[in-house]
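**Student:** Sequence first, predicted model second:
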Amino acid sequence: MSTFWNSRVAGTVVTRLRLFSGEQQQLQKYQCAKYSTVSNAKTENSVFDLEWQQALPYKSRYQMLRGFLKGGEFVDLSLNDFLFKCRERFGDIYRMPGVIGQPDSVVLFNVNDFEKVYRTEGIWPNRPGTDAVRYYRENRKDGFFAETLGLNDNGEKWAKFRHVVNPVLMQPKNAKLYLDPLQKVNLEFIERIREIRDPLTLEVPENFLEDINHLAFDSVAVVALDHEFGLLRRNPDCAEAKVLCEHMSAFLKSIYDLGIKPSFYKYIQTPTYKRFAKSMDLMFDVTNRYVNAALERLEKNPSKEGEERSVLEKLLKINRKTAIVMAIDMLTAAVDGSSSALAAVLLCIARNPTKQQKLREELLAVLPNKHERFTVENMKNLPYLRACIKEALRIYPLAFGNVRETGADLVLSGYRVPKGTSALISSNMLPNEALFFPRPREFIPERWLRKSDAVSADGERVLAENVNKFINLPFGFGPRSCVGRRIAELEMELTLGNLVRNFEIEFNHSTKNAFKYHLISAPAIPLKFKFVDLK
Ligand code: HEM
């Protein structure tokens, strides 16, 4: 009996897993119940034998490798386009054997498989792809990361680190620690818009994404480093902030260049790895300096017991190392994603004036005076604001999907995938498919509201209630989900809320191909929003 996974024919690289239709039916009959593992399927050997015999021929291993070499068909493709191309060719599940230092992966497009992988991920889920960060941290000459590799670690060491930082970053009661600093940055953004927009057209310049980036940077820095860099307005030439900004993206790039594409970096220091390590060194130095400065401030002016004034102060109370490692992990994970998410939210709201007005009415009911600040209390009852953000992230999903090491032997789409396999959960195409969301390209925040509200303008029911939630998980799933989720959501809520209270927002240009997708999405059009002051 050959299983999907352990059968190998010399020269094989991508296993085509699509079945003939007759087999599909036969196989479905035998498919294991939800979350079943291979052992449950042992009695069905003959079905798997049949499936194996009749599967379509393989591609050559070297063809795949060639695809990534100079002139190859994959070389210039983003991860998203690469996955999409493979989906067209190989179907909803395919195996991507590792080449040169990379482990084998299984690529998934079926939501039932996503659910199985997540539900069986275990208490210490591993997210492959950040090997380069671990390698860098393990090999730092000063041994700074000897005790912990932070949230880029795996297994029990990851869990220990996450366990101590979770309460600081995720407990709702700590939101007050970052609400005011985030709001201050946010109000700078409103001023910045007034300064840079064209006095006649009221449009912001083509490179407005840079300002959104600076908003995201100032926001995460004020939380992670307890420092207002003011890159947005007051200190646009701040050299250290620019260094951080520039090198933070290197982390994301590394996940693809060093974590997914073939790379020899563990054997010889490739130029890509050298660039990455230099970025990591620079980020470490700047972060270290700011955390030490915060420590000095605290020593001079200690807060009373139970009266911490910032996230960094709380992290410093755990210990200095945790504060530094967490600050770097926040900075690297936050900026690019938050900027793309904000751009997506603004594009959706600008192109849907009726929804924008509905949101404005909700905001004005809670905060009639536009100079009034948001508070933890008055933010509790803003369901339409949250629905607008959720819907924008459905239309423009931020990440290509997610990655998990399978936590058990699993039968995925009828194939045996052993425990420990790297599963690329390629989910970003599904939220835009009519099979899952009626009228998928329309911005309908009502989908995410209570039943009675979930009817579109022409009366069609559009409720997202019965949609499998594993299709749309912008912040991931389970114990490994985004640790910055509360900060990210608050930042988006404040930004959208403040902009809609201050301006009528328009976007009078094409939104065709508004985003390009790599590991995460990035705006690909000039973001020339028009901001008209409200009375
Ligand atoms: C809209 C903005 C954001 C989105 C959509 C987002 C999404 C995600 C996703 C999908 C993951 C992987 C989760 C999983 O594996 O299940 C993740 C992880 C993470 N995010 Fe975010 N994120 C955002 C903003 C932020 C911010 C602002 C911070 C920091 C303040 C942050 C810090 C992190 C960290 C440190 C991890 C790794 C967690 C771990 O492995 O334990 N993210 N994020």
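**Tutor:** Received, thanks.

**Student:** Let's verify the residue of the stretch 1-150 of the chain found nearest the ligand: helix, strand, or coil?
**Tutor:** As assessed by C-beta to the nearest ligand atom, the ligand sits closest to residue 127 within the stretch 1-150 of the chain, at 4.7 Å. Quick note: C-beta positions are derived from backbone N, CA and C, even for glycine. Assigned with DSSP: H, G, I helix; E, B strand; the rest coil, residue 127 falls in the coil class.

**Student:** which residues does it contact?
**Tutor:** 154, 402, 403, 404, 405, 480 (C-beta atoms under 8 Å, 6 or more residues apart in numbering).

**Student:** Most widely separated two among the residues you listed?
**Tutor:** The two members of those with the most space between them (C-beta to C-beta) are 154 and 402, at 14.9 Å.

**Student:** Between the two, which has more neighbouring residues?
**Tutor:** Legend: neighbour count by other C-beta atoms under 10 Å for residue 154 and residue 402, higher for residue 402 (23 against 19).

**Student:** And that one, how far from the ligand?
**Tutor:** 5 Å (C-beta to the nearest ligand atom, to the nearest Å).

**Student:** For that residue, which non-adjacent residue is spatially closest?
**Tutor:** residue 425 (4.7 Å; C-beta to C-beta, 6 or more residues apart in numbering).

**Student:** Read off the pLDDT value for the one you found.
**Tutor:** Per-residue pLDDT puts residue 425 at 94.

**Student:** same thing with residue 51?
**Tutor:** 47.

**Student:** try residue 135
**Tutor:** So residue 135 comes in at 92 (pLDDT).

**Student:** Next: residue 299.
**Tutor:** The model's pLDDT for residue 299 equals 83.

**Student:** Mind giving me the packing neighbours of the helix or strand where it lies?
**Tutor:** Using DSSP states H and E, the element containing residue 299 is helix 271-300. If you count contacts as 3 or more C-beta pairs under 8 Å, 6 or more residues apart in numbering; DSSP states H and E, helix 271-300 packs onto helix 131-138, helix 239-257, helix 311-318, helix 320-350.

**Student:** For the stretch 151-300 of the chain, give me the ranges with low pLDDT.
**Tutor:** 260 (pLDDT under 70).

**Student:** Close to the ligand: what parts of it are there?
**Tutor:** Residues of the stretch 151-300 of the chain lying close to the ligand (C-beta under 6 Å from any ligand atom) are 151, 162, 220.

**Student:** quick one: contacts for residue 155?
**Tutor:** 124, 126.

**Student:** quick one: it from residue 190, how far?
**Tutor:** 44 Å (C-beta to C-beta, to the nearest Å).

**Student:** that older thread, taking helix 131-138 as reference, get the angle to the helix holding residue 299.
**Tutor:** Helix 271-300 runs at 60 degrees relative to helix 131-138, counting by axes from the mean of the first three to the mean of the last three C-alpha atoms, to 10 degrees.

**Student:** Compute the inter-axis angle for helix 271-300 and helix 311-318.
**Tutor:** Using the same axes, to 10 degrees: helix 271-300 against helix 311-318 is 80 degrees.

**Student:** neighbours around residue 442, how many?
**Tutor:** Quick note: residue 442 (other C-beta under 10 Å) scores 15 neighbours.

**Student:** Equivalent analysis for the one 4 residues further on, please.
**Tutor:** Neighbour count for residue 446, taken as other C-beta under 10 Å: 22.

**Student:** Surely it forms part of a strand?
**Tutor:** No. Using three-state DSSP, the assignment for residue 446 is helix, not a strand.

**Student:** Show me the residue sitting in the middle of the chain in space.
**Tutor:** Nearest to the mean C-alpha position of the chain, by C-alpha atoms, centre = their mean, lies residue 399 at 4.7 Å.

**Student:** what's near enough to touch the closest residue to that one other than its chain neighbours?
**Tutor:** Leaving aside its chain neighbours, residue 399 sits nearest to residue 520 (5.0 Å; criterion: C-beta to C-beta, 6+ apart). Counting by C-beta under 8 Å, 6+ apart, residue 520 makes contact with 252, 336, 337, 340, 398, 399, 400.

**Student:** And the second one, how far from the ligand?
**Tutor:** So that's residue 336. 9 Å.

**Student:** Could you pick out the residues of this protein near the ligand for me?
**Tutor:** 127, 151, 162, 220, 329-330, 333-334, 337-338, 341, 398-399, 402, 474-477, 480-484, 487-488.

**Student:** so residue 201 sits right up against residue 530, yeah?
**Tutor:** Yes. Contact criterion C-beta atoms under 8 Å: residue 201 and residue 530 qualify, at 6.8 Å.

**Student:** Compare the two and say which is more crowded by neighbours.
**Tutor:** residue 530 (18 against 10).

**Student:** Show me the strands in this protein, by range?
**Tutor:** Using DSSP state E, the strands of the chain run over residues 15-16, 93-96, 105-108, 402-405, 410-412, 415-417, 422-425, 503-506, 515-517, 521-523, 530-533.

**Student:** wait, which of those is closest to residue 236?
**Tutor:** strand 530-533 (19.5 Å).

**Student:** Mind giving me the packing neighbours of the closest one?
**Tutor:** By 3+ C-beta pairs under 8 Å, 6+ apart, strand 530-533 packs against helix 175-196, helix 485-502, strand 503-506.

**Student:** Pull the residues that contact that strand.
**Tutor:** 193-194, 197, 201-204, 350, 499, 502-508.

**Student:** from memory residue 230 sits against residue 238, does it?
**Tutor:** Yes. In this structure, residue 230 is within contact of residue 238 by C-beta under 8 Å, at 6.9 Å.

**Student:** Quick check: the residue of the stretch 151-300 of the chain nearest the ligand.
**Tutor:** For the stretch 151-300 of the chain, C-beta to the nearest ligand atom, closest residue to the ligand: residue 151, 4.1 Å.

**Student:** ok, for that residue, nearest residue in space, not its chain neighbours?
**Tutor:** Nearest to residue 151 is residue 329, by C-beta to C-beta, 6+ apart, at 4.7 Å.

**Student:** What pLDDT is listed against the one you found?
**Tutor:** 92.

**Student:** And for it, the neighbour number?
**Tutor:** Burial of residue 329 is recorded as 22 neighbouring residues (other C-beta under 10 Å).

**Student:** Residue 104 now?
**Tutor:** 16.

**Student:** quick one on the thing from earlier: helices - which of the residues of the stretch 151-300 of the chain next to the ligand land there?
**Tutor:** 162, 220 (DSSP state H).

**Student:** which one of the residues of the stretch 151-300 of the chain next to the ligand has the most neighbours?
**Tutor:** Taking other C-beta under 10 Å as the neighbour criterion, residue 220 ranks highest of these with 27 neighbours.

**Student:** Can you say which of the helices and strands packed on strand 530-533 is packed in most?
**Tutor:** By mean neighbour count, with neighbours taken as mean count of other C-beta atoms under 10 Å, helix 485-502 ranks first of the helices and strands packed on strand 530-533 at a mean of 22.

**Student:** Specify the angle between that helix and helix 175-196 in degrees.
**Tutor:** Using the same axes, to 10 degrees: helix 485-502 against helix 175-196 is 40 degrees.

**Student:** Going forward, count from 64.
**Tutor:** With 64 as the first residue, the last one maps to helix 548-565.

**Student:** I'd like to know which elements helix 548-565 is packed against.
**Tutor:** Short answer (3+ C-beta pairs under 8 Å, 6+ apart): helix 548-565 packs on helix 218-233, helix 238-259, helix 271-287, helix 383-413, helix 416-429, helix 446-458, strand 593-596.

**Student:** could those be laid out in a markdown table, adding distance to residue 145?
**Tutor:** As requested, the helices and strands packed on helix 548-565 are exported to a markdown table (distance: least, C-beta to C-beta, whole Å):
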| stretch | distance to residue 145 |
| --- | --- |
| helix 218-233 | 28 |
| helix 238-259 | 35 |
| helix 271-287 | 24 |
| helix 383-413 | 19 |
| helix 416-429 | 34 |
| helix 446-458 | 22 |
| strand 593-596 | 36 |
